[in-house]
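**Student:** just the structure for this:
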Amino acid sequence: MLTVKSGDTIIESGQNGDTFYIIASGTVSAIAGGKEHELKKGDIVGIFDLTSPTHICSYIATSACELIPYPFMDTNGLINMLNKQEDLRKLLMSSLNRNICGIIASYSEGYNTCNDLYQYILGIQAKYQAICQILHLNAKSLPFSDDLLSFTMENELPFWMNDYYLNSWKIHNDSKSPLTSNYVYGYLDKSGQDICHILELDDQMHEASLNFGNYLLNEDYLDYYDLFTDLYFRAKTNGDHLGEIQNVINDITQKLSELPFVSKELLQMRTNMFKERAEASPVATAESADDAVIMAELTNSFTKIAEFGDVLPTTVAEMKKALDAFKQFPDRSSTDKEVDLARRQITKLFYMIYEDVLQAALKTEDIPTVVKMFLNFGYLDAELCGMDNAREVYELATTFHGNREQGVYTVLEWFKAIYEGRKQPSRSEFDQDYQQYVRSLSKEGKITKDGEIAMMEDANEKVLYELRNMFPSVNKITFGRIFTFCPILLEENLLRSPKASITDSSSIIETINKLNKIDYSVFYHEYLFEDTKVNVKETVRMDIRPDVILMPNVGSKGIMWQEIEGMNRKTPARMIVSAFYIENLDKAFTRMFAEFRWEMCKREMGARWNDVTNHSLTSDFCDYAQFFAKNRDLSYDTKEKIKETLKKCKNSYKEFFIHEYMIYMAYEAMGSCRLNKVSRSILFKYCPMGSENREKVGANTIFEECLSKHHISTGQQLHRLDQIEAKYRQAGKDMPAELASQRALLEK
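**Tutor:** Okay, here's the model as predicted:
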């Protein structure tokens, strides 16, 4: 008899399946994903994955327990055990049938809850659109709107499964005929596969429910509660009737209070904030002198911007006409053909105007604030932006800046860095850099040899190359919703106030530093160090932080545009986010870190980036993703899960790696095991955790092999550096900075 205390882990997810336990007293919780299933006296700890090589569930004691352990080692051992004990065969079947019926019932309940919540959200979304239309107010759209519309409730269990297991339970209980060992083993194995499938679907439903709850209320204020409270105050300002909006807000509040996974503290805080603001009586204040100046500046903004850039009168007239027409649309985020054509016309004219204004700004020291608003935020018209928003953007524009030392640039600062020769233009979306572009013009006879030499050094041409290649593509990608993209700053896209949405340099630096602590070697670029005098030739790494550029839009997507500058490996990567970023900044940069890891490895490995005989991050991961079905270290259930994940990633190995990397950074590094053994091993080998996180996971036996390999590899590399250092001592020289930096990395 084995005694365990409440809270003790009996079996951990991912642990080899070689022992099960009969519960003599107490209760145990089987945990898979976000769900827990209680096992009681007479049940089997390990019953859900008994025939699987590794456990898919964790089994944790929820009270003091007495357990009878049954070690069986392998399949043959389990069958031998079943051959000898008829009572054990009956007990296993009874426990399995009772609990699988409980799992099916729990899943069905979760499915119905999730579907009801989904239909509820679709309903309030339709109400929001209808109220906005009645009140003639601009309807704002949340960043997950497209995901919501594309979501489908297809993961229902086969219609026969519930009755199948209920009847099996009854038949096995009533039958007086003995059950053979092979039958019991086969039933355990088949049921185990069904349980794995149900738990996966259950996990998906649980995640979907959490997402729907998050759509209703979240800490970022990008939710339907905020959408309706914002609508309430906009309607109140116009003197509209507020009864229907208040009813929807009350209904959402009631719905949120019923959802067990929604933070009640957050709901209370947001409810109090709304009540305080709604009850506060508006106090009329005299317009200050500063307000009068701002209002004067914002009046006829577009005309002032166009005059500064000396834009052609015909272009100005076209844009004014397009803006006036655009203002007439009740829903400027619509995908209707007429609205789409208007957006395209504005987009084309916007970039023509941007080019003229930017060139004037690069040659001017004192740039008017309204011009800075246009260049850094895409602002063009106070009515389209919303007057309150425009005032905030004006205040932001006076102090908005990057951090050159830390590699953070506003888009205006970035173009200025190219103009002054501190930075080179980015590669185009066809991977062509500026030098290649100029040479191609020369080869095609479009410029002379002298023209080629002059163009290579022409600062204005470099800016134009960046402006016409990188800028339009990235501006659209970072916006996030490519079908409704419009480059000008619109009130509909500002889901929160500009001051609450601004992406300042300090928040970016803080995010990069936080993630860099976990994946400490991510920005170490490899290059060859050679010292012929001491006969040392060594591959070393240099820490080169990325450049981050802030695009002039309200966006929901970050992009890793290029891993190095041109062909020089000692240059920083370029990562790009929106000046007003409305999603989670941590997730955006985690994804960009993953993209950088992948693309940098491809750059270093060249044509052999996916050649498994030449081990690297990309080659090992491609081999794993391509041949996972033949991998003996993976269970059948794990292989099925990989197949589903690959399908979601559209069979892209890069996207699959990014998916696994994001789990590794968010969960594995905190000690929560979510990856399979093979995926974890590859990631830990090539993206080792920093010392703090290694300490966190050190107590978990699942990480034991990864940590051991890391320590051995690090020890070997440090030994190699010790030998090189001895050479330098013998030569009477100090260790070069490049090698000292390599040692510092290995000791992290």
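
**Student:** which residues does the spatially closest residue to residue 520 that is not a sequence neighbour contact?
**Tutor:** Leaving aside its sequence neighbours, residue 520 sits nearest to residue 690 (Cβ to Cβ, 6 or more residues apart in numbering; 4.3 Å). Backbone N, C-alpha and C define where each C-beta goes, glycine included. Shown in contact with residue 690 (Cβ atoms under 8 Å, 6 or more residues apart in numbering): 517, 518, 519, 520, 748.

**Student:** ok, the last one - how many residues close by?
**Tutor:** What it means is residue 748. Using other Cβ atoms under 10 Å, residue 748 has 13 other residues around it.

**Student:** rewinding a little: write the PyMOL selection for whichever of the contacts of residue 690 are buried.
**Tutor:** Buried subset of the contacts of residue 690, written as a PyMOL selection, criterion 16 or more other Cβ atoms under 10 Å:
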select buried, resi 518+519+520
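
**Student:** residue 735: neighbour count?
**Tutor:** Residue 735 has 15 nearby residues by other Cβ under 10 Å.

**Student:** that one and residue 95, how far apart?
**Tutor:** As judged by Cβ to Cβ, to the nearest Å, residue 735 and residue 95 stand 64 Å apart.

**Student:** re earlier: take the contacts of residue 690 and keep only those in helices.
**Tutor:** When DSSP state H defines the helices, the subset of the contacts of residue 690 inside them is 517, 518.

**Student:** what is the nearest of the contacts of residue 690 to residue 187?
**Tutor:** Nearest to residue 187 out of those is residue 518 (Cβ to Cβ; 43.9 Å).

**Student:** hmm, that closest one is touching residue 689, no?
**Tutor:** Yes. Applying Cβ atoms under 8 Å, one finds residue 518 in contact with residue 689, separated by 6.0 Å.

**Student:** what do those two both touch?
**Tutor:** residue 669.

**Student:** can you map out the strands along the chain?
**Tutor:** Here the chain has its strands, by DSSP state E, at 2-4, 9-11, 19-25, 28-32, 35-39, 44-45, 58-61, 65-71, 408-410, 524-531, 536-543, 547-555, 559-562, 574-581.

**Student:** can I get these in CSV including distance to residue 471?
**Tutor:** What follows is those, written out as CSV (distance: least, Cβ to Cβ, whole Å):
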stretch, distance to residue 471
strand 2-4, 62
strand 9-11, 53
strand 19-25, 61
strand 28-32, 47
strand 35-39, 47
strand 44-45, 60
strand 58-61, 49
strand 65-71, 63
strand 408-410, 13
strand 524-531, 26
strand 536-543, 29
strand 547-555, 8
strand 559-562, 11
strand 574-581, 10
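
**Student:** out of those strands, flag the one nearest residue 618.
**Tutor:** Residue 618 lies closest, by Cβ to Cβ, to one member of the strands of the chain: strand 524-531, at 13.7 Å.

**Student:** and that closest one, what's buried?
**Tutor:** 525, 529, 531.

**Student:** got it, and stretch 68-85?
**Tutor:** 70, 72, 78, 81, 82.

**Student:** same question, stretch 429-436
**Tutor:** 433, 434.

**Student:** out of the buried residues of strand 524-531, which one sits closest to residue 616?
**Tutor:** residue 525 (14.6 Å).

**Student:** bridging residues for the closest one?
**Tutor:** Note on residue 525: beta-bridge partners by DSSP bridges are residue 542.

**Student:** again, but for residue 30
**Tutor:** With DSSP bridges as the rule, residue 30 is bridged to residue 37, residue 59.

**Student:** just the pLDDT for the residue nearest to residue 214 when sequence neighbours are not counted.
**Tutor:** Among residues not flanking residue 214 along the chain, residue 223 sits closest, at 7.2 Å (Cβ to Cβ, 6+ apart). On pLDDT, residue 223 comes in at 90.

**Student:** residue contacts, residue 223?
**Tutor:** By Cβ under 8 Å, 6+ apart, the neighbours of residue 223 are 142, 214, 215, 216, 217.

**Student:** and if we set it to 10 Å?
**Tutor:** When contacts are counted by Cβ atoms under 10 Å, 6 or more residues apart in numbering, residue 223 touches 142, 144, 213, 214, 215, 216, 217, 229, 252, 256, 270, 495.

**Student:** ok, residue 558 next?
**Tutor:** 477-478, 480, 503, 548, 551, 575-578, 581, 583, 585, 587-592, 595.

**Student:** pull out the buried members of those.
**Tutor:** When the contacts of residue 558 are checked for burial by 16+ other Cβ under 10 Å, the buried set is 477-478, 480, 503, 548, 551, 575-578, 581, 583, 585, 588-592, 595.

**Student:** follow-up on the earlier one: now, among the contacts of residue 690, which is nearest to residue 681?
**Tutor:** Once Cβ to Cβ is applied, the member of those that ends up nearest residue 681 is residue 519, at 15.8 Å.

**Student:** do you know the pLDDT at the closest residue to residue 683 other than its chain neighbours?
**Tutor:** The spatially closest residue to residue 683, leaving aside those adjacent along the chain, is residue 664, at 4.7 Å (Cβ to Cβ, 6+ apart). Per-residue pLDDT puts residue 664 at 96.
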